[in-house]
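Provide a 3D model corresponding to the input given below.
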Amino acid sequence: MDELIGRLATNASIDSAVAEKTVGIILGFLRSEGPSDSVQALIDQIPGADGAIEASTSGGGLSRLMGGGLMAVGTRLMGLGLGMSDIQTIARELFRYGRDKIGADQMGKIIAGTPGLSQFA
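Numbers count the residues shown, from 1 in each chain. Got it, this is the predicted structure:
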């Protein structure tokens, strides 16, 4: 997890704490909306990913009121102070990291199998 957070913090010019929250939010979204086998393969390659996902889902009420899907993820990420260009940079870096860890084919399945995600690839 530290490697991924470091890459995001450096390449997206964001704080490490924001990077960690962002990873949790995005991986949580992928876990709920993406192809489960491929997403789990990615999560398994990121030590601490389950903890980050769990931390990103606590606070429940407000998150549930926002609904689900990519729009809710965008709203939550913007709530961390990220703009659309930041989110695109983070998504692309996360996808690069995923390709390094589980291969281009598996990452391609996640991108293709998650509604709305291809626009960030």
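
so residue 90 sits right up against residue 13, yeah?
No - assessed by C-beta atoms under 8 Å, residue 90 is found out of contact with residue 13, at 10.4 Å. Bear in mind the C-beta positions are built from the backbone N, C-alpha and C, glycine included.

between those two, which is the more surrounded one?
residue 90 (23 against 9; other C-beta atoms under 10 Å).

count of neighbours near the residue lying closest to residue 70 once chain neighbours are set aside?
In space, and not counting its chain neighbours, residue 70 is closest to residue 116: 3.8 Å by C-beta to C-beta, 6 or more residues apart in numbering. Residue 116 has 13 neighbours, counted by other C-beta under 10 Å.

same thing with residue 49?
Residue 49: 20 neighbours (other C-beta under 10 Å).

again with residue 34
Counted with other C-beta under 10 Å, residue 34 comes out at 21.

that one contacts residue 114, doesn't it?
Yes - at 3.9 Å, residue 34 and residue 114 qualify as touching, with contact defined as C-beta under 8 Å.

which residues in this protein form helices?
Here the chain has its helices, by DSSP state H, at 2-11, 16-33, 36-44, 49-57, 61-65, 69-79, 84-102, 104-113.

out of those helices, deepest packed?
For those, the largest average neighbour count (mean count of other C-beta atoms under 10 Å) is found in helix 16-33, namely a mean of 21.
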